[in-house]
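# Sequence and predicted structure are below.
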Amino acid sequence: MRSTGPAYLEDQPVAADAQETAAVANLEQYLAEKHGIPALVGPTGESFPLPKSVYRVLKTVLKEMARGNAVAVVPVHHELTTQEAADLLKVSRPFLIGLLERGEIAYRKNGTHRRIRFADLMTYRKRRDEARSATLAELAAESARLGL
């Protein structure tokens, strides 16, 4: 029987185990060196060229797994609960609710429940990260100016 929930939430994010870590790192390095047109080889030896978009996703997944990070693939139109969104931002749920109520992240209500589009959450995270970087650059410039 097929579940109605999003696959990335039903299945836990995937991480390389201790035995796979070296193989993942080697594969990530191999793909980084751009050895021709990438292809998927089936169990009977047939070869299927990978579209560029799939290749980019594969490289990103391998890069993260080689660093020891677990990964999950999420459709950008997918909607998250407030707890899922808070977990992705690594903030508390009450803090996230404040962001929503201040209009910093777009959301919709489904009855009494708030739903946040994954794409909107990533837009907010990008803005937040850019603002943090700008603030750090200003602090570094001020420290240099003061000779610290």
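It's in.

# What is the longest helix of the chain by residue count?
Secondary structure of the chain per DSSP state H: the longest helix is helix 118-146.

# got a list of what Lys63 touches?
Glu28 (CB atoms under 8 Å, 6 or more residues apart in numbering). All C-beta atoms are positioned from the backbone trio N, CA, C, and that covers glycine.

# Correction: the previous question concerned Glu46.
Counting by CB under 8 Å, 6+ apart, there are no residues that Glu46 touches.

# What separation do you get for it and Leu40?
According to CB to CB, to the nearest Å, Glu46 stands 9 Å off from Leu40.

# just Tyr55 next, same as before
Note on Tyr55: its distance to Leu40, by CB to CB, is 10 Å.

# Looking at the two, which is more packed in?
The residue with more neighbours, out of Tyr55 and Leu40, is Tyr55; 15 against 11, by other CB atoms under 10 Å.

# which residues touch the more buried one?
Leu31, Pro38.

# Need the pLDDT of it.
On the pLDDT scale, Tyr55 is placed at 87.

# Number the residues from 11 up from this point.
In the new count, where the first residue is 11, that last one comes out as Tyr65.

# Near Ile25, how many other residues are there?
To be clear, residue 25 is Ala; Ile isn't right here. Around Ala25 there are 14 residues (other CB under 10 Å).

# just the one 3 residues further on next, same as before
Using other CB under 10 Å, Ala28 has 6 other residues around it.

# what sits against it?
Ala28 makes no contacts at all, as judged by CB under 8 Å, 6+ apart.

# check which helix or strand covers it.
Taking DSSP states H and E as the definition, Ala28 sits outside all helices and strands.

# my read: Glu74 touches Val81, true?
Yes. Glu74 is within contact range of Val81, at 5.1 Å (criterion: CB atoms under 8 Å).

# Next, give phi and psi for Ala49.
phi -150, psi 160 (degrees, to the nearest 10).

# And the pLDDT at it?
pLDDT for Ala49: 86.

# how close does the closest residue in space to Pro59 that isn't next to it in sequence sit to Val101?
Excluding the flanking residues, the one nearest Pro59 by CB to CB, 6 or more residues apart in numbering is Ala49, at 4.9 Å. Remark: distance between Ala49 and Val101 (CB to CB) = 41 Å.
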